[in-house]
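K.L.:
Have a look at this fold, sequence not included:
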């Protein structure tokens, strides 16, 4: 029996009762013969409370000190979880990110893991203890200061430790049963996906599926570390995120299952973006670049970009793009400063848009997917505002009020549902 | 201008408002030209809340994990304090005990400091930053695990850092103006002591004065580090704790002050002890030793011990001793097991006693102090139950209800008061 890394989010360790329940699951895994390493987030709302406290003394706390403060959250949850496990008769030792050997760069608040040297974890496992590790944190290689990893940090810690330890699997525990073909709150007959490839999961995560963070999936893909996303409230098998070959093989092995991967794996949606249109841009070399450079200088990541064909009569074009809604104000300010230089007519800001994407490795070899998708949307009366595609994904931007209709239309068109209706709540994980 | 170490207790950093006030004091000290190192306790009730949480998952949490948990408290307060200082335009960097080089043994919950290697603190000071250090915590030299220092730990951290850094002074901030000749809640005209020797302060602390912990004063005495006990609510000079020569010199230098040290420096009292009497012990060699060994085996520190002269007719004697009230039940159980072996008659337990002590280096050279003290108690109608003396202290055990009368009588007899009544609250510090 090999090493199992388990990650529990803040909602799984929200209070003493939850922590005791998680402790029992960990002890059961250990008793089944595995070496167990647990990565844990801060309890419930702890992080928000600490941020509130920081804001009471400083409008813009220095990153170094904010990281020092926030890492107290995991320190509390990991120590209490270790105590709860000890109370069940199983030795457990907690380790900070620094003690666990999570070495990062020095970018406070969004540090990147550059090395993992888990010597103390290996020693604890060799002595029969369960190792509990603080998620979301590490130590800077150069300054030796404590860092935090930013969004998705705890999941990424778990995958990075699993890879460094040569674990058999990285289990990500959450409050749903796994990854679904669509959000069950929108599509009542959405089906749990048993296996999905890293590439498809990346597209799902990048386009609004909130269960796994992009960054953690990328780390797993680079290190070929299987992720098992499952519920901390049940013992059911969840969704395995694995390399493409393993998705297909597993499909072949199952009796009565198709020999090839499903064409479409799931439908993702995202309501967190806004759309900005720069209207009446002179259609000349360099003007689009100037606009995009201004946004990059403002540290704004834009998502989809569309430039309309210019009407020859006017030699003017429109440039539309989507971006995180939280960055909308900053972007509008940056673009307003460009008005004289670029000479565009006006800016349009639309924060009632949504993005709907179909994702599936099978679309590589299946023509007509785009047509089928768009036909389904048209039949449902959904108007497409923008389109973007990758090799295994097609995304459209629609009016926010039509997102649900679009998701349901796509889900039905590609026959993704089951006959049963799952009674689950499809929620996001914290960090 | 040299290095100043300042220690702020939990009540001084209880909330954001208090932290901002403390930040202003620190910045003022820095602006006056000093290098400033600040040692801070956990905010207000944080430690109690964390212990409550631990007890919800485990009746007896492992020491290693409890230390990991509790050290989150100082991590929060130090980071928030650093932010508040930063918000005033002064760079501040927080450091855990481990980062500050506080090296301890491995006794979780009551670790002893065995070395201080403050390289990162010195680097921060050299770069013009204020260094904020978590009190009460360190890192084990052998296991590299996080440790806590137990009671008096934050004060001891401050003195230890001050000694290692070669600081000019270690300032201990509290909620009173300094050390008083007696508890002003009991003696309204108690006077603040401007200077007191380490030895006298040790006797005061060991006999009930709660402002400074014994351990911190001992560390200061061994390293000849001056302590300045003062209020975090005012800029008044507090009480300096220094070596004996400096007490006398300062006295001589002041115009109109006596050339010699006061005979008695203060009156301490302690209501935290109980008295146990073993009645009818056979007056034979080894029986008293057996009783004391039983208490030592039960990890109980006894304070005063009195054995009465045996009545020749019976060859029986009584042995009385005082001990922390919290250990009373354990001691009675340990002694009950000895009944057959020792053959004493019975045990008497009295938890309504109090100890009153007069402390003063001057009593070395002044005869008649004991007589004067006992006369004052007799005149006040106070009955003495036990007596114990050191070279610079006389302690008596009295009925708890007579403690206030005894303190006042002693205070008046040695003329310790002022004409003014100080309006202060004489409270204990946390840790």
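P.N.:
Thanks, I have the structure now. What you see is a predicted model; the values in this text were computed from it and never measured.

K.L.:
How about the contacts made by the closest residue to residue A:115 other than its chain neighbours?
P.N.:
What sits nearest to residue A:115 in space, not counting adjacent residues and going by C-beta to C-beta, 6 or more residues apart in numbering or on different chains, is residue A:103, at 4.1 Å. Every residue, glycine included, has its C-beta placed from N, CA and C. Applying C-beta atoms under 8 Å, 6 or more residues apart in numbering or on different chains to residue A:103 gives the contacts A:113-117, A:138-141.

K.L.:
Could you check the pLDDT of residue A:103?
P.N.:
Per-residue confidence for residue A:103 comes out at a pLDDT of 98.

K.L.:
Same question for residue A:228.
P.N.:
pLDDT, residue A:228: 98.

K.L.:
Wait, it touches residue A:239, no?
P.N.:
Yes - Residue A:228 lies in contact with residue A:239 (C-beta atoms under 8 Å); the separation is 7.4 Å.

K.L.:
Next to chain B in this structure, residues from the stretch 101-250 of chain A, please.
P.N.:
Residues of the stretch 101-250 of chain A lying close to chain B (C-beta under 8 Å from any C-beta of the partner chain) are A:120, A:144.

K.L.:
Would you quantify the distance from residue A:138 to residue A:113?
P.N.:
When C-beta to C-beta, to the nearest Å is the yardstick, residue A:138 and residue A:113 sit 6 Å from each other.

K.L.:
between these two, what contacts are shared?
P.N.:
Any residue near both residue A:138 and residue A:113 by C-beta under 8 Å, 6+ apart counts here, and that gives A:102-104, A:149, A:157.

K.L.:
Next, format these as a markdown table and append secondary structure.
P.N.:
Formatted as a markdown table, the entries for the shared contacts of residue A:138 and residue A:113 read as follows, by DSSP: H, G, I helix; E, B strand; the rest coil:
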| residue | secondary structure |
| --- | --- |
| A:102 | strand |
| A:103 | strand |
| A:104 | strand |
| A:149 | coil |
| A:157 | helix |
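
K.L.:
Of those residues, which is the most crowded?
P.N.:
residue A:102 (32 neighbours; other C-beta atoms under 10 Å in any protein chain shown).

K.L.:
Apart from its chain neighbours, what residue comes closest to that one?
P.N.:
Closest residue in space to residue A:102, ignoring its immediate chain neighbours: residue A:138 at 3.6 Å, by C-beta to C-beta, 6+ apart.

K.L.:
pLDDT at that neighbour, what is it?
P.N.:
The model reports residue A:138 with a pLDDT of 97.

K.L.:
That one in helix, strand or coil?
P.N.:
Residue A:138 carries the three-state label strand when classified by three-state DSSP.

K.L.:
try residue A:44
P.N.:
The three-state assignment at residue A:44 reads coil, by three-state DSSP.

K.L.:
any idea how far it lies from chain B?
P.N.:
The span separating residue A:44 from chain B equals 12 Å under the rule C-beta to the nearest C-beta, to the nearest Å.

K.L.:
How far away from the center of its chain is the host helix or strand of residue A:317?
P.N.:
Secondary structure from DSSP states H and E places residue A:317 in strand A:316-324. The gap between the average C-alpha position of strand A:316-324 and the chain average comes to 25 Å, counting by C-alpha atoms, centre = their mean, to the nearest Å.

K.L.:
just stretch A:359-374 next, same as before
P.N.:
In terms of C-alpha atoms, centre = their mean, the centre of stretch A:359-374 is set 24 Å apart from its chain centre.

K.L.:
repeat for stretch A:202-218
P.N.:
Going by C-alpha atoms, centre = their mean, the spacing between the C-alpha centre of stretch A:202-218 and its chain's C-alpha centre is 3 Å.

K.L.:
Give me the mean pLDDT for it.
P.N.:
Stretch A:202-218 shows a mean pLDDT of 91 in the predicted model.

K.L.:
And it, end to end?
P.N.:
The straight-line separation of the ends of stretch A:202-218 (C-alpha to C-alpha, to the nearest Å) is 7 Å.

K.L.:
who touches that stretch?
P.N.:
A:151-152, A:155-156, A:158-159, A:172, A:174, A:176, A:178-179, A:196, A:198, A:201, A:221, A:227, A:229, A:241, A:265-266, A:268-272, A:355, A:357, A:359, A:390, A:392-393, A:395, A:427-429.

K.L.:
Quick one, which of those are buried?
P.N.:
In terms of neighbour count (16 or more other C-beta atoms under 10 Å in any protein chain shown), the buried residues within those are A:151-152, A:155-156, A:158-159, A:172, A:174, A:176, A:178-179, A:196, A:198, A:201, A:221, A:227, A:229, A:241, A:265-266, A:268-270, A:355, A:357, A:359, A:392-393, A:395, A:429.

K.L.:
hang on, the earlier thing: ok, and what's touching the helix or strand just after the strand holding residue A:317?
P.N.:
Under the assignment DSSP H and E, the closest C-terminal helix or strand after strand A:316-324 is helix A:328-336. Counting by C-beta under 8 Å, 6+ apart, the neighbours of helix A:328-336 from elsewhere in the structure are A:274, A:276, A:278, A:291, A:294-295, A:297-298, A:300, A:323, A:347, A:349, A:351.

K.L.:
pLDDT and secondary structure for those - can I get that in a markdown table?
P.N.:
Putting the contacts of helix A:328-336 into a markdown table (pLDDT from 0 to 100; DSSP: H, G, I helix; E, B strand; the rest coil) gives the following:
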| residue | pLDDT | secondary structure |
| --- | --- | --- |
| A:274 | 95 | strand |
| A:276 | 95 | strand |
| A:278 | 92 | strand |
| A:291 | 89 | helix |
| A:294 | 90 | helix |
| A:295 | 91 | helix |
| A:297 | 90 | helix |
| A:298 | 89 | coil |
| A:300 | 89 | coil |
| A:323 | 94 | strand |
| A:347 | 94 | strand |
| A:349 | 95 | strand |
| A:351 | 92 | coil |
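
K.L.:
Those residues: which two are farthest apart?
P.N.:
A:297 and A:351 (22.3 Å; C-beta to C-beta).

K.L.:
and these two? which has more neighbours close in?
P.N.:
More neighbours sit around residue A:351 than around the other of residue A:297 and residue A:351, counting by other C-beta under 10 Å; the figures are 12 against 9.

K.L.:
what sits against the residue lying closest to that one once chain neighbours are set aside?
P.N.:
Counting by C-beta to C-beta, 6+ apart, residue A:351 lies nearest to residue A:274, which is 4.2 Å off, once chain neighbours are set aside. By C-beta under 8 Å, 6+ apart, the residues touching residue A:274 are A:322-325, A:328, A:349-351, A:353.

K.L.:
what is the mean pLDDT for the lengthiest helix in chain A?
P.N.:
Among the segments of chain A that qualify as a helix by DSSP state H, the longest is helix A:63-86. The average of the pLDDT scores along helix A:63-86 is 97.

K.L.:
next helix or strand past it?
P.N.:
Past helix A:63-86, further along toward the C-terminus, the next helix or strand under DSSP H and E is strand A:92-95.

K.L.:
I'd like to know which elements that following strand is packed against.
P.N.:
With contacts defined as 3 or more C-beta pairs under 8 Å, 6 or more residues apart in numbering or on different chains; DSSP states H and E, strand A:92-95 has these neighbours: helix A:63-86, helix A:119-126, strand A:130-134, helix B:63-86.

K.L.:
redo that, cut-off 6 Å
P.N.:
Helices and strands touching strand A:92-95, by 3 or more C-beta pairs under 6 Å, 6 or more residues apart in numbering or on different chains; DSSP states H and E, are helix A:63-86, strand A:130-134.

K.L.:
Give me whichever of these is most buried.
P.N.:
Of all the helices and strands packed on strand A:92-95, strand A:130-134 has the most neighbours on average by mean count of other C-beta atoms under 10 Å in any protein chain shown, namely a mean of 29.
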